[in-house]
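> give me a 3D structure for the following:
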Amino acid sequence: MVPETLTTILDPHFTTSFTARDFSYLVFDTLFAVDNQWRPQPQMVERWTRSDDGMVWTFTLREGLVFHDGSPVTAEDCVTSLRRWGARDALGGLLLRATASLEPMDAATFRLSLGQPFGLVLEALAKPGAMVPMIMPRRLAETPATRPITEPVGCGPYRFVAEEYRAGDRIVLARHNAYKPRPEPAIWASGGKHATFDRVELIAMPDVSSQVSALSTGEVDYLERLPADVLPILERNRQVKVQVVSPFGYQGILRFNHLLPPFDNAKVRRAVMLAVDQADYLPGVAGRAEYGRECRSFYGCGTPYETDAGMPTAPDLEGARRLLAESGADLSRPVVILHPADAPGIASLGLVTQDLLTRLGFTVELQVMDLNTFFGRRAQPGGWNIFHTTNTVPDMQTPLQNAYLNGAGAGPAGFAGWPADREVEQLRAAFAAAGSEPERKQLAGALHARAAAEGFYMPLGQFVAASAWRAELSNVPTGPAMFLWNIARAGR
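Below is the predicted model:
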């Protein structure tokens, strides 16, 4: 199959890239996973208990869990993996900061004792979006969180074939024969994951016309994400099926670097937000009118906490110019936009912003690079002012899951862009501790209004994208990520 881009990061805890996440779902497994009703379901866990006050949780693993290196999965592996995940992930970090102790009880059982209330323990362990709390052997989980692992060993349905790996060109996976699927039907990332193929090959093929040709001739079986302009070609081909597999889709994101001028000034950030017309961005990522919608919610539209509190209600270019004048920003200083040209779904956003900033009077420098370089550059606090990305809406749906609402600022607890806002962090902590859904909804709205007023980032609309595969494939999973288990080929 051909992913949108081929990850070179093989560590599920190291990046929010969904291409790395999708690879990781094949190789690693999780303690819990959500179904299509967003309900956490046990995955590696066989049973668990919760104390009456919700402060002590005890988990026991399923029997027969084995890593790809032949070692049994233990509670110690799980505890060490969760600590490493929590050092990198926004929601994981909040969970661990609320945790008084996380310790193995025996080979198959571990206990999490909270030091302060945290109402989303299972939701955190089941989160479907990057960074997913996937389990790896203790020896790998002890790798410092500042350094990615390079030996991806999990206990998932497929194992990484190191001798056939060619960075940036091909990732080969082979069936993990010791994997024991759960008995329940697979729903999203939960339930029985059956490795129905001997091998899965993830192939880099940046040119879209080459992808279409390869799928049409049967050279490849599956294309992850396609621009809308090529869909009519494939829809006329009876040997190919075109379908949207993720109904919630993606959110486009314009992210400011809060550490450097001019976007260290909230008025400048708000001015750009006020100038944004989502209708200018959506055609480049959605392609078809029915694939895109305007949405100003940090949490995504159609999600439980959807709100546009604090957001500009409509684009106002002249109002944006007046706000810029009030800010006193030096518009002659170049604004550097990181531009991953090999990721069309992101690159198109940058071109619209380049034009918008130019019309506002900024001097703009578009720095072109590949996607993997982009991920490295955006993690550095210097040398850039704006980046764009797209993130799956399930990753954005709460104040804790949306990494772009992290208000911890610079340092290991923050996230690229590094907004620093104590009020947002207090609201996130209150949301985590809340014991009722009405309370969480009120807190989510207050947090949204504050983060919007401070210009954490600007949503650029919500859209879905189509995948395509050979028509002889059946049982292709749907969900918020690209899942490649349980697929069958006709005649086999």
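> near residue 425, how many other residues are there?
Residues near residue 425, counting by other Cβ atoms under 10 Å, number 18. Where you see a C-beta, it was placed from the backbone N, CA and C, and this is true even at glycine.
> I figured it hits residue 413, correct?
No - if you go by Cβ atoms under 8 Å, residue 425 and residue 413 don't touch, sitting 9.2 Å apart.
> for stretch 65-83, which outside residues touch it?
Residues from elsewhere that reach stretch 65-83 (Cβ atoms under 8 Å, 6 or more residues apart in numbering): 13, 27, 29, 31, 44, 59, 61, 92, 96, 102-110, 125, 133-138, 141-142, 153-155, 159-160, 176, 178-180.
> in helices only, show me those residues.
Those of these mapping onto helices are 27, 92, 96, 125, 138, 141, per DSSP state H.
> highest neighbour count among the residues you listed?
residue 125 leads the ones in helices among the contacts of stretch 65-83 on contacts (other Cβ under 10 Å) with 28 neighbours.
> ok, now how distant is residue 296 from residue 116?
Distance, residue 296 to residue 116, using Cβ to Cβ, to the nearest Å: 33 Å.
> could you check which of those two is surrounded by more residues?
Neighbour count, other Cβ under 10 Å: between residue 296 and residue 116, residue 296 has more, with 24 against 12.
> show the contacting residues for the more buried one.
So residue 296 contacts 278, 308, 311-312, 459 (Cβ under 8 Å, 6+ apart).
> what's near enough to touch residue 264?
Shown in contact with residue 264 (Cβ under 8 Å, 6+ apart): residue 258.
> SS state for it?
For residue 264, the assignment made with DSSP: H, G, I helix; E, B strand; the rest coil gives coil.
> how close does residue 328 get to residue 267?
From residue 328 to residue 267 the distance is 9 Å (Cβ to Cβ).
> have a look at the two and say which one is more surrounded.
Comparing residue 328 with residue 267 by other Cβ under 10 Å, the one with more neighbours is residue 267, at 15 against 10.
> was I right to think that one contacts residue 327?
Yes - at 3.9 Å, residue 267 counts as touching residue 327 under the criterion of Cβ under 8 Å.
> centre-most residue in this structure?
With distances taken as Cα atoms, centre = their mean, the chain has residue 130 as the residue nearest its mean C-alpha position (3.8 Å).
> now do that residue against residue 336, distance only.
For residue 130, the distance to residue 336 - Cβ to Cβ - is 25 Å.
> cool, and residue 443?
Following Cβ to Cβ, the distance that separates residue 443 from residue 336 is 35 Å.
> that's a strand at residue 390, yeah?
Yes - using three-state DSSP, the assignment for residue 390 is a strand.
> so what's it up against?
250-253, 285, 345-346, 349.
> ok, residue 11 next?
By Cβ under 8 Å, 6+ apart, the neighbours of residue 11 are 20, 148-150, 152.
> re the thing from before, buried among the contacts of stretch 65-83? Make that a PyMOL selection.
Restricted to buried positions by 16 or more other Cβ atoms under 10 Å, the PyMOL selection for the contacts of stretch 65-83 reads:
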select buried, resi 13+27+29+31+44+59+61+92+96+102+104+108+109+110+125+133+134+135+136+137+138+141+153+154+155+159+160+176+179
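> neighbours around the spatially closest residue to residue 453 that is not a sequence neighbour, how many?
In this structure, residue 453 finds its nearest non-sequential neighbour in residue 310, 4.9 Å apart by Cβ to Cβ, 6 or more residues apart in numbering. Residue 310 has 19 neighbouring residues, counting by other Cβ under 10 Å.
> now residue 310: how far from residue 265?
Residue 310 is 18 Å from residue 265, by Cβ to Cβ.
> and of the ones in helices among the contacts of stretch 65-83, the nearest to residue 429?
Nearest to residue 429 among those is residue 96, at 12.8 Å by Cβ to Cβ.
> wait, the closest one sits on residue 102?
Yes - assessed by Cβ under 8 Å, residue 96 is found in contact with residue 102 at 7.4 Å.
> buried set for stretch 306-320?
Under 16+ other Cβ under 10 Å, the buried positions of stretch 306-320 are 306-312, 315-316, 320.
> same question, stretch 234-250
Quick answer for stretch 234-250 (16+ other Cβ under 10 Å): 234, 240-242, 245-246, 248-250.
> let me have the residues you listed in a markdown table, extended by secondary structure, distance to residue 381 and pLDDT.
Formatted as a markdown table, the buried residues of stretch 234-250 follow (DSSP: H, G, I helix; E, B strand; the rest coil; distance: Cβ to Cβ, whole Å; pLDDT from 0 to 100):
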| residue | secondary structure | distance to residue 381 | pLDDT |
| --- | --- | --- | --- |
| 234 | helix | 42 | 96 |
| 240 | strand | 45 | 97 |
| 241 | strand | 45 | 97 |
| 242 | strand | 41 | 97 |
| 245 | coil | 36 | 92 |
| 246 | coil | 32 | 85 |
| 248 | coil | 31 | 84 |
| 249 | coil | 30 | 89 |
| 250 | strand | 26 | 91 |
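> distance to residue 184 for those residues - can I get that in TSV?
Listed next are these as TSV, based on distance: Cβ to Cβ, whole Å:
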residue	distance to residue 184
234	33
240	31
241	26
242	29
245	20
246	21
248	22
249	26
250	28
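> I'd like the mean pLDDT over stretch 292-308, please.
For stretch 292-308, mean pLDDT rounds to 94.
> what's the end-to-end length of it?
17 Å (Cα to Cα, to the nearest Å).
> now do the buried residues in it.
Of the residues in stretch 292-308, 292-293, 295-301, 303, 305-308 count as buried by neighbour count, 16+ other Cβ under 10 Å.
> now the strands: where do they sit in the stretch 51-200 of the chain?
56-61, 99-104, 109-114, 134-135, 158-160, 170-175, 199-203 (DSSP state E, counting those that start in this stretch).
> sheet partners, orientation included, of the shortest one?
It refers to strand 134-135. strand 29-30 (antiparallel) (DSSP bridges).
> so for the partner strand, mean pLDDT?
On average, strand 29-30 scores 98.
> next helix or strand past it?
Using DSSP states H and E, the next helix or strand after strand 29-30 towards the C-terminus is strand 32-34.
> next structured bit after that following strand?
Reading on from strand 32-34 to the C-terminus, the next helix or strand found by DSSP H and E is strand 40-42.
> and for that next one, what's in contact with it?
For strand 40-42, using Cβ under 8 Å, 6+ apart, the contacting residues are 31-35, 48, 122-123, 125-126, 182, 184, 187, 190-191.
> circling back to that earlier point, among the contacts of residue 296, find me the one that's closest to residue 373.
Nearest to residue 373, judged by Cβ to Cβ, of these is residue 459 at 25.0 Å.
> ok, the closest one to residue 188 distance?
Taken as Cβ to Cβ, the span from residue 459 to residue 188 is 24 Å.
> who does the residue lying closest to residue 43 once chain neighbours are set aside bridge with?
Nearest non-adjacent residue to residue 43, counting by Cβ to Cβ, 6+ apart: residue 33, 4.7 Å away. Going by DSSP bridges, residue 33 is paired in beta bridges with residue 41.
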